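Colleague: Sequence below, structure please.
(one chain, ligands or ions: 1)
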Amino acid sequence: MKPQDVFGGKTSLWIFGYGSLVWKPDFKYKKSRVGFIRGYKRRFWHGDNFHRGSEAAPGRVVTLIEDDHAVTWGVAFEVSGPQVEAALGYLNIRETACGGYVTKMVDFFAGAEGPSPVQALVYIATPDNPLYLGPASPEQIGAQIASSRGKTGHNLEYLLRLAEFMRSSCPQVEDQHLFSVEAAALTLYFTCSYSVQSVQ
Ligand SMILES: N[C@@H](CCC(=O)N[C@@H](CS)C(=O)NCC(=O)O)C(=O)O
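Modeller: You can find the predicted model right below:
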């Protein structure tokens, strides 16, 4: 059953993004809030053979891994009225059909708005997903990202835009996984670019 079959009739719905959705929701929404969810950590452990990679050279994108002690920051978007069906129909293609993500409801805490959470829909790629790649070192993940490109663009863009979002919208958060992968990917990307230029 698709989310729009379940939520399509709702008058409003919050959708939590923690990867490309934070900088490119690409659906109409009523309002957005920067905030977090508890019990999950964001990791570049999901493969992508469409948007940021190919069958031959899959890219790496983020998913959420259950961790009782973790908190993941992102953006929640409130869609209402006809926006609900439109957003869910779009995300069902972008996230589920093309990306292998499944949906789950979580508690979203808007950063500046006190302790009471709202329920939000989130797209998660679980380890049983055929595109799931699992853990790797920042250097291994960085190398894969630095050398992958898909139908939507380079995998490095995906990484850098997420890192930029965290620095600009969540400056208080030290996301060691994200920033260590970013450092490794940039080092490898520019080292390889330089070495190619130096032999041309
Ligand atoms: N579900 C996560 C990750 C979403 C994500 O990055 N999905 C990929 C699909 S594999 C995507 O939409 N990519 C579009 C792009 O790379 O521009 C989120 O809430 O942001």
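Colleague: So the lengthiest strand in the chain, near the ligand or not?
Modeller: Counting by DSSP state E, the longest strand found in the chain is strand 59-80. Yes - using C-beta under 6 Å from any ligand atom, we find that strand 59-80 touches the ligand at 61, 62. C-beta here means a position set from N, CA and C on the backbone, and glycine is covered the same way.
Colleague: Report the angle between the helix or strand that that strand is followed by and strand 59-80.
Modeller: Per DSSP states H and E, the first helix or strand lying C-terminal to strand 59-80 is helix 82-91. In terms of direction (axes from the mean of the first three to the mean of the last three C-alpha atoms, to 10 degrees), helix 82-91 departs from strand 59-80 by 170 degrees.
Colleague: ok, and for the longest strand of the chain, which residues are buried?
Modeller: 59-65, 70, 72-79 (16 or more other C-beta atoms under 10 Å).
Colleague: other SSEs contacting the top helix by length along the chain?
Modeller: For the chain, the helix with the greatest residue count under DSSP state H is helix 176-199. Packing partners of helix 176-199 (3 or more C-beta pairs under 8 Å, 6 or more residues apart in numbering; DSSP states H and E): strand 31-48, helix 138-146, helix 155-169.
Colleague: Kindly reformat these as CSV containing mean pLDDT.
Modeller: Listed next are the helices and strands packed on helix 176-199 as CSV, based on pLDDT from 0 to 100:
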stretch, mean pLDDT
strand 31-48, 97
helix 138-146, 97
helix 155-169, 98
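Colleague: could you redo those as a markdown table and give each row mean neighbour count and distance to residue 180?
Modeller: Formatted as a markdown table, the helices and strands packed on helix 176-199 follow (neighbours: other C-beta atoms under 10 Å; distance: least, C-beta to C-beta, whole Å):
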| stretch | mean neighbour count | distance to residue 180 |
| --- | --- | --- |
| strand 31-48 | 20 | 10 |
| helix 138-146 | 21 | 4 |
| helix 155-169 | 19 | 11 |
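Colleague: Run through the residues of this structure sitting next to the ligand.
Modeller: Applying C-beta under 6 Å from any ligand atom, one finds that the chain approaches the ligand through 17-21, 24, 48, 51-52, 61-62, 94-95, 99, 101, 123, 152, 158.
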